[in-house]
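Engineer: Give me coordinates for this.
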Amino acid sequence: MEKKQTTLKDIATKLGVSISTVSRALQGNPRISARTRERVLELAQKHNYFQTKHINPFAPKKINAVGVIVPGVKYHLYAMAISGIEKILEKHQMQIIICQSNESYAREKILVNELLDIGVAGLIVSLAGETKEFDHFLEVKKRRIPLVFFNRLCDEVEADKVIIDNFKAAYDATQHLISVGCKRIAYIGGPKILQISTTRLLGYKKALADANISVEEKFIEYSDFTREGNLSTARKLLYSPEHPDGVLAFSDQVAIGVMLAAKERGLKMPEDLAIIGINNEPVDELLEPTLTSIDQPSYQMGVESANLIIERIADFDKAISRKVLKSHLIIRKSTNKNKS
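Structural biologist: So this is what the prediction gives:
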């Protein structure tokens, strides 16, 4: 075969398949099995088929853009982070492709594959609430595509990461609830599979332990980030025979669900129930009572993520970076009993 220009027929004959099968395999047609396509590509590569055809599916396509996948742009944190990412990419004459997983693992996986297929220069990702398997990100690493996780991440994939100190944030928030007199403090996390939810739970538990308050499993619940899920979880806690007098919620959206359930239940805030959220959404100042929340440097999180992806694009083999940014508690009327 090496003595003449390799043809589709040559490859088909060698593998014992039809010419149309070889053609479809080279075009990536989904009707062709992965194993058949692999055999076709391997033989085509071996016999220099692509050198004569000026195409090569082995050669990565590249576009001057970074793909950004977030759970949802409706969250203030991600909207601000995207602004930070875009600012840095623009400075480096790069484009941004923004995608929403809508908290779906299946959609997240599809988005990753589609972004790889169009040849993005790198990926910046905050995990979906359903994600507990990471093969799609391991494939990103295998293909040597720069990858940065921010806010929500996993230890299963070695990549650059940008986060806040979630343990300390939850610890400080729980300490604040203790300082205003709360004794029965609940924690409402996001989905159990999210590492960030577990880390905040550990901070909450440590603050209780340091104050000699026993951890009660009945005061630990989880939500799925939907409005109905937030409200249902809040009702489960607040309508129990012994309801909590303080709640640390995974996010402001979860905290708002608690506030709605508390009003429905006839509980006064913060006298009967003090509440803290996380993210410091703009709506927090418009609520009644205004919502105490942990402010995350979301814009800076985006800036740092973009800087890391630019550095990784320039030098794929550089040491892995982990940026931990500071957060702080914004105290408002939902916990401040002296000003309620």
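Engineer: so what's the residue lying closest to Val324 once chain neighbours are set aside scoring on pLDDT?
Structural biologist: Excluding the flanking residues, the one nearest Val324 by CB to CB, 6 or more residues apart in numbering is Asp165, at 5.5 Å. Backbone N, C-alpha and C define where each C-beta goes, glycine included. Predicted confidence (pLDDT) for Asp165: 95.
Engineer: Could you pull out the helices in the stretch 101-250 of the chain for me?
Structural biologist: Here the stretch 101-250 of the chain has its helices, by DSSP state H, counting those that start in this stretch, at 105-117, 135-142, 166-179, 195-210, 227-238.
Engineer: Residues in contact with the shortest one: which ones?
Structural biologist: Right, the one you point to is helix 135-142. 108-109, 112-113, 116, 123, 125, 147, 154, 156-159 (CB atoms under 8 Å, 6 or more residues apart in numbering).
Engineer: Distance to Asp295 added to the residues you listed, as TSV?
Structural biologist: TSV is the format used below for those (distance: CB to CB, whole Å):
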residue	distance to Asp295
Glu108	27
Lys109	32
Val112	30
Asn113	35
Leu116	35
Leu123	27
Val125	23
Leu147	27
Cys154	25
Glu156	29
Val157	28
Glu158	30
Ala159	26
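Engineer: The residues you listed: which two are farthest apart?
Structural biologist: Pairwise distances across these (CB to CB) peak at 20.2 Å, for the pair Asn113 and Glu158.
Engineer: my read is Arg37 is in a helix, agree?
Structural biologist: Yes. Looking at Arg37 with DSSP: H, G, I helix; E, B strand; the rest coil, it is inside a helix.
Engineer: thinking it is in contact with Ser23, fair?
Structural biologist: No. Look at Arg37 against Ser23 with CB atoms under 8 Å: they stay out of range, at 11.4 Å.
Engineer: Of those two, give the one with the bigger neighbour count.
Structural biologist: Regarding Arg37 and Ser23, a neighbour count based on other CB atoms under 10 Å identifies Arg37 as having more, with 20 against 15.
Engineer: OK, contacts around the residue nearest to that one when sequence neighbours are not counted?
Structural biologist: The shortest distance from Arg37 to any non-neighbouring residue, by CB to CB, 6+ apart, is to Ala25 (4.3 Å). Neighbouring residues of Ala25 by CB under 8 Å, 6+ apart: Ile32, Thr36, Arg37, Val40, Leu41.
Engineer: Now do the contacts for the second one.
Structural biologist: Meaning Thr36. Val17, Thr21, Ala25.
Engineer: now with 10 Å?
Structural biologist: Contact partners of Thr36, counting by CB atoms under 10 Å, 6 or more residues apart in numbering, are Leu15, Val17, Thr21, Val22, Arg24, Ala25.
Engineer: Look at it and report its pLDDT.
Structural biologist: Note for Thr36: predicted pLDDT of 86.
Engineer: swap in Pro289?
Structural biologist: Looking at Pro289, its pLDDT reads 97.
Engineer: Ok, the one 3 residues further on next?
Structural biologist: pLDDT, the model's per-residue confidence, is 98 for Thr292.
Engineer: Cheers, nothing more for now.
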